[in-house]
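[1] Got a predicted structure here, sequence first:
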Amino acid sequence: MLLPMRRIPVSVVALLALTVSAIAHAQTRMIKVVSTDGKPIPYANVSVEGGITQVTDENGDVPLGAGKRQTLTVRVRRIGFTPWFGKVELPDTAATVAITLPSLVQKLSTVTVSGTANVKPALALTGFYDRWLMRQKGVISAVFISPEELEFRHPDKITGMLYGLNGVRVAQACVTPPIMSRSGGGRPSCVMGPVAFNTGGCPMAVIIDGMQQRPIGKGANVAIDDLLDAYDVAAIEVYNRGGNVPISAQFQDMGCGLLMFWTGSRRP
């Protein structure tokens, strides 16, 4: 005779999840990026063994998880600091390896400033780094192109950063100008321009600084290079599926995916 299964209270499940997470964190090996005065450097770009670039959190940390004793090649970049490239020795137990980035800013004489405000970088206020950290935790699936990556590659056109991205195809398409003219046949004329499509051939929505550009469902594709100068772009987010976009980045007409561009200075 089978006994009825008892439902485990939600509070117990949550407690078990927190316990497992705490144990995993205790076993985690960590890379910490700091300045020469020992202060953590948040949002630094860290690439291990040439893999996908990760970003440090507000404590300057990037967790690497548990593993065997090994030597890894690490590259660290943050605008305003000297890039670092070298090898780090990681033990097979929990440990934190600190990497120090010297500041590129010229040292001036001491200036006393009174105040307690903790001013975040402009890009952090948009939620860009919060969403990137969500991606690193596996909560969402997206591609993040940082100011450091843009500075490193120096694209002359912003579509140059989109070629080769998984799930994105940039191609010339018929684009309706902002002011439509009529041809002799009475049909709206259009010009050819670079448009980003998902793998299904559907044009992706384009967002610039939180504002959607001519919604796709309202009759016009968007020629990206006509809207943006590559030197004005500070960061890019790419979501190749509309169903995977977090709440903080929800817009209309994003069923084909979403391209989010943030403009402004690339400096912290």
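    That came in fine, so what should we check first?

[2] Apart from its chain neighbours, what residue comes closest to residue 132?
    With CB to CB, 6 or more residues apart in numbering as the measure, residue 144 is the residue that lies nearest to residue 132, at 4.5 Å, once sequence neighbours are left out. Every C-beta, even on glycine, is put in place using the N, C-alpha and C of the backbone.

[3] helix/strand/coil for the one you found?
    Three-state secondary structure (criterion: DSSP: H, G, I helix; E, B strand; the rest coil) places residue 144 in strand.

[4] what about it, neighbour count?
    The number of residues packed near residue 144 is 22, by other CB atoms under 10 Å.

[5] residues contacting it?
    Residue 144 makes contact with 53, 55, 128, 131, 132, 135, 235, 236, 237, 238 under the criterion CB atoms under 8 Å, 6 or more residues apart in numbering.

[6] Inside helices: which ones of these?
    Secondary structure defined by DSSP state H assigns 128, 131, 132, 135 of the contacts of residue 144 to helices.

[7] who wins for neighbours among these?
    Busiest of these [other CB under 10 Å] is residue 128, holding 25 neighbours.

[8] What number of residues are in the vicinity of the residue nearest to that one when sequence neighbours are not counted?
    In space, and not counting its chain neighbours, residue 128 is closest to residue 235: 5.4 Å by CB to CB, 6+ apart. Other residues within reach of residue 235, judged by other CB under 10 Å, total 22.

[9] my guess is residue 235 meets residue 151, correct?
    No - with contacts defined as CB atoms under 8 Å, residue 235 does not count as touching residue 151, sitting 11.0 Å away.

[10] which residues are common contacts for these two?
    Applying CB under 8 Å, 6+ apart, one finds that residue 235 and residue 151 are jointly contacted by residue 266.

[11] buried sites along stretch 35-48?
    If you call a residue buried by 16 or more other CB atoms under 10 Å, then stretch 35-48 has these buried ones: 35, 40, 41, 42, 43, 44, 45, 46, 47, 48.

[12] Equivalent analysis for stretch 134-147, please.
    By neighbour count, with 16+ other CB under 10 Å as the criterion, the buried positions of stretch 134-147 are 134, 135, 142, 143, 144, 145, 146, 147.

[13] Turn these into JSON lines, columns for pLDDT and distance to residue 100.
    As requested, the buried residues of stretch 134-147 are arranged in JSON lines below (pLDDT from 0 to 100; distance: CB to CB, whole Å):
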{"residue": "134", "pLDDT": "92", "distance to residue 100": "28"}
{"residue": "135", "pLDDT": "92", "distance to residue 100": "26"}
{"residue": "142", "pLDDT": "91", "distance to residue 100": "30"}
{"residue": "143", "pLDDT": "93", "distance to residue 100": "29"}
{"residue": "144", "pLDDT": "95", "distance to residue 100": "25"}
{"residue": "145", "pLDDT": "94", "distance to residue 100": "26"}
{"residue": "146", "pLDDT": "95", "distance to residue 100": "20"}
{"residue": "147", "pLDDT": "95", "distance to residue 100": "21"}
